[in-house]
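J.: Any chance you could fold what I've pasted below:
(4 chains)
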2 protein chains.
Amino acid sequence: MGRWEPDTRGRLERAAIELYLEQGFAQTTVAQITRHAGLTTRTFFRHFLDKRDVLFVGMDELTERVAKAIAAAPAAWPAIKAAASGMNIAAAALQLRRDEAQDRRKLINTTPELRERELMAFAAVAKTVDGALSERGTDERVARVTAEAVLAAFRVAFEYWGEHPDRELPQLVDETLDELKRALGSDA
Amino acid sequence: MGRWEPDTRGRLERAAIELYLEQGFAQTTVAQITRHAGLTTRTFFRHFLDKRDVLFVGMDELTERVAKAIAAAPAAWPAIKAAASGMNIAAAALQLRRDEAQDRRKLINTTPELRERELMAFAAVAKTVDGALSERGTDERVARVTAEAVLAAFRVAFEYWGEHPDRELPQLVDETLDELKRALGSDA
DNA sequence: AGCCGTGATGACACTTGATGTCATCCCAAG
DNA sequence: CTTGGGATGACATCAAGTGTCATCACGGCT
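T.: Predicted structure coming up:
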């Protein structure tokens, strides 16, 4: 057996989320987390950028998948359709971990600090979508605004999903995008 | 003369921005700011929520004006047009303080911490726009997604403005919104 | 078997942001 | 002249986050 118990990162992650859910994010100190995991506070910051980071692991990997989906979309598709297909990948992934995602959502919704971080995560996805669209040859500004708009729709659908957990997120994203199209088209 | 020099808040604000621009945000400590202003660190936190807050004063007031503009828009206008008129108010206000706004933008763009806060500020405006649209009788989800989309366009225009400071922000916002409409409409 | 480099963790000190609390002093209302 | 409130100073304290060095297991190499 090793010098230390295995799965340091996993233990930290589980301890953190358990404490966050139990007593709130702000009320939880890193010292408490590491005590639960049998580690030192220094080690926590070797595995996570900061206290909030724990709740956003896996984001990068998901973002990668979104980019790949957009790159794999038929070249004939307009940017909006390609981008939407990327959002569907993300939505499906979150739907698969519904309960976990909803727990995280509640935590984030009640903690401004976490909300900030979530917005940064969304912004990172938007930047990736932007890049993937540009890669397809979409005009620069169109790529940017399409990426931002698609993520705007995703955010709204995601929030709505929190209020209606029994709905399916991918479908909500589709509906929201349709509503956006109608709303923007109604300008005559 | 009073016990203290007047305009505490203004002195803090000026000292902070001067130091942020001169040596960077992260490298500036609150102690340095208050030393420059001849005050104590405790007093800084009585006037500002945190170190970043200094760069976002006036946001609330501007947001209020946006809400009023939307409320004052002709009832016959579709939600998107009313929301866009609100964005024009904001864009015009920033255009009036172009140099200051651009300085702030550069600072924010090079500091993740500040970027986070900026996203929160945008989110707050989106929520206000959402509320103003709902007030006009717009359907709930349409109001939400329209607000988010309009702010998405604003963000893109704002970023573009940073790269082309000689362009006029209000016009950039209009152009970006038009591009968004085309991009979403091209879905056949 | 014994040596050694590498990587992960512990231990410790330190800086800084942020908050609570009480004392102090100006000022304005009465 | 008194009094009460608002703003600030002074002080203590906590928690986040970082730098640094020591420590120890493990795997490869000889």
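J.: Pass me the low-pLDDT residue ranges in chain A, would you?
T.: A:1-3, A:187-188 (pLDDT under 70).
J.: just how off-centre is stretch A:142-161 within its chain?
T.: 12 Å (CA atoms, centre = their mean, to the nearest Å).
J.: Does A:Glu175 touch A:Phe154 like I think?
T.: No - using CB atoms under 8 Å as the test, A:Glu175 is too far from A:Phe154 to be in contact (11.8 Å). From N, CA and C alone the C-beta is placed, and that goes for glycine too.
J.: Which one of these two is surrounded by more residues?
T.: Using other CB atoms under 10 Å in any protein chain shown, the more surrounded residue of A:Glu175 and A:Phe154 is A:Phe154, with 28 against 17.
J.: how close does A:Ala152 sit to DNA strand C?
T.: 28 Å (CB to the nearest atom of the strand, to the nearest Å).
J.: With adjacent residues omitted, what lies nearest to that residue?
T.: Spatial nearest neighbour of A:Ala152, chain neighbours left out: B:Glu148 (3.6 Å); criterion: CB to CB, 6 or more residues apart in numbering or on different chains.
J.: Work out for me the element the one you found sits within.
T.: helix B:140-163 (DSSP states H and E).
J.: same check, this time on A:Glu113
T.: helix A:112-135.
J.: next one: A:Phe45
T.: Here A:Phe45 is assigned to helix A:41-47, by DSSP H and E.
J.: in that helix, what's buried?
T.: A:43-44, A:47 (16 or more other CB atoms under 10 Å in any protein chain shown).
J.: what's the closest of those residues to B:Gly131?
T.: Among those, A:Phe44 lies closest to B:Gly131 (CB to CB), at 39.4 Å.
J.: residues contacting that closest one?
T.: Going by CB atoms under 8 Å, 6 or more residues apart in numbering or on different chains, A:Phe44 touches A:12, A:30, A:33-34.
J.: try A:Thr110
T.: Counting by CB under 8 Å, 6+ apart, A:Thr110 has contacts A:Gly24.
J.: Would you mind measuring from it to DNA strand D?
T.: With CB to the nearest atom of the strand as the criterion, A:Thr110 and DNA strand D are 16 Å apart.
J.: Give me the phi and psi for that residue.
T.: phi -110, psi 10 (degrees, to the nearest 10).
J.: re earlier: and the helix holding A:Phe45, how far out from the chain's middle?
T.: That offset, for helix A:41-47, works out to 23 Å (CA atoms, centre = their mean).
J.: my guess is A:Leu21 contacts A:Gln102, does it?
T.: No - between A:Leu21 and A:Gln102 there is no contact under CB under 8 Å: 11.5 Å.
J.: Domain parsing of chain A, as residue ranges.
T.: Following automatic domain parsing, chain A resolves into domains at A:8-48, A:58-185.
J.: so which of those domains is the most packed in?
T.: Stretch with highest mean neighbour count among those: domain A:58-185 (a mean of 19; mean count of other CB atoms under 10 Å in any protein chain shown).
J.: So is stretch A:26-43 next to chain B?
T.: No - legend: contact between stretch A:26-43 and chain B by CB under 8 Å from any CB of the partner chain is lacking; minimum distance shown is 14.0 Å.
J.: start to end distance for that stretch?
T.: 20 Å (CA to CA, to the nearest Å).
J.: which residues sit against that stretch?
T.: Against stretch A:26-43 from outside (CB under 8 Å, 6+ apart): A:5, A:8, A:11-12, A:14-16, A:18-20, A:44-45, A:51, A:111, A:113.
J.: residues from chain A in reach of DNA strand C?
T.: A:4, A:8, A:38-40, A:42-43, A:46-47 (CB under 7 Å from any atom of the strand).
J.: Out of those, which is nearest to DNA strand D?
T.: A:Arg42 (4.6 Å; CB to the nearest atom of the strand).
J.: do you know how far the closest one is from chain B?
T.: 21 Å (CB to the nearest CB, to the nearest Å).
J.: Quickly note the distance from that residue to A:Thr34.
T.: Note on A:Arg42: its distance to A:Thr34, by CB to CB, to the nearest Å, is 8 Å.
J.: How about the contacts made by the residue of chain A found nearest DNA strand C?
T.: Closest contact between chain A and DNA strand C, by CB to the nearest atom of the strand, is at A:Thr8 (3.0 Å). By CB under 8 Å, 6+ apart, the contact list for A:Thr8 reads A:37, A:39, A:43, A:47.
J.: Redo those as a markdown table? Include distance to A:Arg136.
T.: Below are the contacts of A:Thr8 laid out as a markdown table (distance: CB to CB, whole Å):
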| residue | distance to A:Arg136 |
| --- | --- |
| A:Ala37 | 44 |
| A:Leu39 | 45 |
| A:Thr43 | 43 |
| A:His47 | 36 |
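J.: Helix or strand: which one has A:Thr28?
T.: Per DSSP H and E, there is no helix or strand for A:Thr28.
J.: Show the backbone phi and psi for it.
T.: According to degrees, to the nearest 10, A:Thr28 has phi -100, psi 130.
J.: tell me the angle of the helix holding A:Glu113 relative to helix A:140-163?
T.: Orientation check (axes from the mean of the first three to the mean of the last three CA atoms, to 10 degrees): helix A:112-135 against helix A:140-163 gives 140 degrees.
J.: is any part of helix A:112-135 close to chain B?
T.: Yes - Helix A:112-135 is in contact with chain B by CB under 8 Å from any CB, via A:112, A:115-117, A:119-120, A:123.
J.: Format those as CSV; extra columns: distance to A:Ala84.
T.: Converted to CSV, those look like this (distance: CB to CB, whole Å):
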residue, distance to A:Ala84
A:Pro112, 30
A:Arg115, 25
A:Glu116, 27
A:Arg117, 25
A:Leu119, 21
A:Met120, 23
A:Ala123, 19
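J.: Good, we can wrap up now.
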